[in-house]
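**Q** mind looking at a prediction? Sequence and model below.
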Amino acid sequence: MSKFADIQIDEGIVKRAAAGDVRAHEIIYRAFATPVYSICLRFTKVPAHAEDLVQETFIEIMRSIANFRGEAALGSWIRRIAVTKALMFLRSAWTKRGQSLTDDWHDVTEGQPASHGVSGHPDDAMDLDAALANLPDVARAVVWLHDVEGFTHKEIAGLMGKTESFSKSQLSRAYRRLRPMLTVADDNTQPSGAVARSC
C-alpha cells in the first residue's frame with residue numbers, strides 16, 4: 001500500500017508552509033520526497049525522469065499549499081499531485097510519439113508471452129515489478145493506481161481523461177497479461193500482488 005497515508009504532518013507546519021515558511025516547506029519535502037519519487041518512478045521507469053517529476057511535484061505543492069483546506073489528509077493531496085504530474089509526463093511522451101492512450105497496448109498483447117521476452121516456463125516466473133515493467137505505460141499506470149494507490153475506476157478515468165470502461169478494460173487486459181508472468185509451477189492459487197485483486 002501507499003506510504004502517503006502513514007505520514008503525519010502537524011497542522012501548524014502546514015499553516016507555516018502556506019504562509020511561505022521555508023523551514024516548513026523543507027519538513028514537508030523531507031517527509032514526502034521518498035514516496036513521491038517512488039510513485040513517479042513507477043510511472044516513468046527512468047530515475048532521471050522521476051527526479052524531475054519530484055521537483056515539479058514539490059514546486060506545485062509549495063505553490064498551491066495555501067489553497068489546501070484539509071478536507072483530505074495532506075498525504076492524499078500530495079499523492080494526487082504526484083500522480084497528476086506523472087500522468088501529464090506520460091501524456092507528453094505519448095504525444096511526442098504521436099500515439100494516443102491506447103496505441104501502445106498492442107505492443108504487448110498480441111502473440112504469445114515468449115514473443116515479448118517473457119518466458120513461457122513457470123520456473124522463470126517474474127516478480128511483480130519486472131512483470132509490471134513489461135506492460136505498456138497506460139496499463140502499468142492503471143494497475144498501479146487501482147491496486148496499489150487505491151484509486152477507483154472513476155478517479156482513474158478522471159485523471160486520464162477517459163471513461164470508467166476504459167480504466168476497467170485496461171485493468172482486465174493487464175491482469176490477463178500479468179497472470180502467466182507471475183504464475184509459479186505447481187501452484188494453483190492466484191498469483192500474489194496486484195493481480196490477485198478483483199476488478
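**A** That came through fine.
**Q** domain parsing for the chain?
**A** Taking automatic domain parsing as the domain assignment, the ranges for the chain are 4-96, 106-196.
**Q** can I get those in CSV with mean pLDDT and mean neighbour count?
**A** All C-beta spots, glycine's among them, are computed from the backbone N, C-alpha and C. Listed next are those as CSV, based on pLDDT from 0 to 100; neighbours: other Cβ atoms under 10 Å:
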stretch, mean pLDDT, mean neighbour count
domain 4-96, 90, 16
domain 106-196, 68, 17
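**Q** can you report phi and psi for Asp10?
**A** For Asp10, the backbone dihedrals are phi -60, psi 140 (criterion: degrees, to the nearest 10).
**Q** name the helix or strand for the residue lying closest to Ala33 once chain neighbours are set aside, please.
**A** Spatial nearest neighbour of Ala33, chain neighbours left out: Val54 (6.3 Å); criterion: Cβ to Cβ, 6 or more residues apart in numbering. Assessed by DSSP states H and E, Val54 sits inside helix 47-64.
**Q** show me how far that helix is from its chain's centre.
**A** Helix 47-64 sits 15 Å away from the centroid of its parent chain (Cα atoms, centre = their mean, to the nearest Å).
**Q** same check on stretch 152-160?
**A** 12 Å.
**Q** what are the C-alpha coordinates of it, in PDB please?
**A** C-alpha atoms of stretch 152-160 as PDB (Å, rounded to 0.1, in the frame of the first residue of the first chain):
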ATOM      1  CA  THR A 152     -11.400   3.900  -8.100                       C
ATOM      2  CA  HIS A 153     -12.100   3.400 -11.800                       C
ATOM      3  CA  LYS A 154     -14.000   6.700 -11.700                       C
ATOM      4  CA  GLU A 155     -11.000   8.600 -10.300                       C
ATOM      5  CA  ILE A 156      -8.600   6.900 -12.800                       C
ATOM      6  CA  ALA A 157     -10.900   7.900 -15.600                       C
ATOM      7  CA  GLY A 158     -10.900  11.500 -14.400                       C
ATOM      8  CA  LEU A 159      -7.100  11.600 -14.100                       C
ATOM      9  CA  MET A 160      -6.600  10.100 -17.600                       C
END
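**Q** what does it contact?
**A** 83-84, 87, 101, 138, 141-142, 145-146, 151, 162-164, 166-168, 171 (Cβ atoms under 8 Å, 6 or more residues apart in numbering).
**Q** mind redoing it with 7 Å?
**A** Stretch 152-160 is contacted from outside by 83-84, 87, 101, 142, 145-146, 163-164, 166-168, using Cβ atoms under 7 Å, 6 or more residues apart in numbering.
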